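S.K.: Generate a structure from the sequence data that follows.
(one chain, ligands or ions: 1)
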Amino acid sequence: MSESKIDTRLWSSKARNLSPYVPGEQPQHDDLCKLNTNENPFPPSPKVGEAITKVLAQQADDLRLYPAPESEELRGALAALYDLDMNQVFVGNGSDEVLALVFASFFLKERPILAPDISYSFYPVYANTFGIELVQIPLEADFSISPDAYRRPCSGIVIANPNAPTGLLLSLADIRKLAGEHSNSVIVIDEAYIDFAQYEEGSADSQVSAVSLINEFDNLLVTQTFSKSRSLAGLRVGMAFGSASLIEALTRMKNSFNSYPLDKLAQAGAMASILDVAYFEQARQQVIDLRTSLTAELTALGYDVLPSHANFVFARPHDGAASQVANVLREQGIIVRHFDKPRINEYLRITIGTPAQHERLINALKALQAVADVEVS
Ligand SMILES: *Cc1c(COP(=O)(O)O)cnc(C)c1O
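M.R.: This is a model prediction of the structure:
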């Protein structure tokens, strides 16, 4: 529909002033190599489909009835996974919805919230939606996050860890520092990619997830999702972990908006995914191994690749001509993400794909470089 046909006269001023998030494109194309939205290239556990089929086959307890509004079974399984109490766990329709409820529950206050200037682009959208002032804190020169830069009055801090699109990981020591220094603010750590993170050998921490700090800090809230590491972006399941008080606020907000954010199929599928531990471990290791090999291949082609802890790499061609590279790849049906934004416009964000997809990508990049070499000589 063309924009000129839209009549906004009946809209509220709220609807008129929204600036919605634009997801990475989902083009329809037979032979597409889609490396632009950080979906998992591998299917979810087969147990997920079995569990969903079982719900559909049940006559007595079928889709005629409403689902469990508080998703007790799923929250119990998540609590067991992290050795928490069920009242420290919240679930929602994707972590995007959980994050929206987080903004509404904790950030509608006088003071601004803080987030890195280069991070998940949905944070400024939520801030705008709810009329919350968001102050962007610049990343350091090497794209890392320094807790010292956040030492200013705020009602909250939102940080993606690993960060997107850089893939860099903030240490638990730094998260401890943030939570400890801002005891009157809610610190939100968005761990959409945490299952792909690994500590370097010799690191002081034995874990990467801030869920391990929940019992230490009442003001720490950690969000995660089934969309990336569990290959279930289409099922829409996200969660938050925090003190019982923070979770109660989220539950109140949810029940003032939509009491049934997770349908029966999503609850059953998510449960099955959690219970299939062996599949999960094997699947995430596969993505981590492919990240290692893709990083090596891109480096060999002269790319500068940031050390990624996520299921994508952030890479700069040696001449910085990232947008041209993205265009040439697109002509061949290979879609990667380029952000036309200062400081990162010389980089490409490339989602980890299958070995065949990596081969196609690398061959295209080699061909591109061969052309460039001929033009130079
Ligand atoms: C993908 C992503 C999300 C959203 O995940 P959903 O659960 O699919 O809504 C949230 N935060 C970051 C940083 C992401 O990359």
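
S.K.: quick one, longest helix in this protein?
M.R.: helix 277-300 (DSSP state H).

S.K.: moving C-terminal of that one, what's the next helix or strand?
M.R.: Sequence-wise, the next helix or strand downstream of helix 277-300 (DSSP states H and E) is strand 304-305.

S.K.: Quickly run through the sheet partners of that following strand, with directions.
M.R.: Strand 304-305 has the following strand partners under DSSP bridges: strand 312-316 (antiparallel).

S.K.: burial of G242, as a residue count?
M.R.: For G242, the tally of surrounding residues (other Cβ atoms under 10 Å) stands at 28. C-betas here are computed from N, CA, C, even on glycine.

S.K.: Please report how far the residue in the stretch 251-377 of the chain positioned nearest to the ligand lies from V328.
M.R.: Among the residues of the stretch 251-377 of the chain, A310 lies nearest to the ligand; the distance is 8.1 Å by Cβ to the nearest ligand atom. From A310 across to V328, the span is 25 Å (Cβ to Cβ, to the nearest Å).

S.K.: which of the two has more neighbours?
M.R.: It is A310, of A310 and V328, that has more neighbours when counted by other Cβ under 10 Å, with 30 against 15.

S.K.: Where does L265 sit, in terms of helix or strand?
M.R.: L265 is part of helix 264-275, with elements assigned from DSSP H and E.

S.K.: Only C-alpha atoms, please: export that helix in PDB.
M.R.: Output of helix 264-275 as PDB, limited to C-alpha atoms (Å, rounded to 0.1, in the frame of the first residue of the first chain):
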ATOM      1  CA  LYS A 264      -0.800 -23.600  24.000                       C
ATOM      2  CA  LEU A 265       1.300 -24.600  21.100                       C
ATOM      3  CA  ALA A 266       4.100 -22.200  22.100                       C
ATOM      4  CA  GLN A 267       4.000 -23.400  25.800                       C
ATOM      5  CA  ALA A 268       4.200 -27.100  24.700                       C
ATOM      6  CA  GLY A 269       6.900 -26.500  22.100                       C
ATOM      7  CA  ALA A 270       9.000 -24.400  24.400                       C
ATOM      8  CA  MET A 271       8.800 -27.100  27.100                       C
ATOM      9  CA  ALA A 272       9.900 -29.800  24.700                       C
ATOM     10  CA  SER A 273      12.800 -27.700  23.600                       C
ATOM     11  CA  ILE A 274      14.100 -27.200  27.200                       C
ATOM     12  CA  LEU A 275      13.800 -30.900  28.000                       C
END
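
S.K.: Now do it: everything it contacts.
M.R.: Counting by Cβ atoms under 8 Å, 6 or more residues apart in numbering, helix 264-275 makes contact with 44-45, 47-52, 54-56, 63, 67-68, 71, 73-74, 77-78, 81, 91, 93, 226, 230, 232, 235-237, 262, 280, all of which sit outside it.

S.K.: Which positions in the stretch 151-300 of the chain make contact with the ligand?
M.R.: Near the ligand, the residues belonging to the stretch 151-300 of the chain are 160, 164, 190, 192, 225, 227, 233, 238 when assessed by Cβ under 6 Å from any ligand atom.
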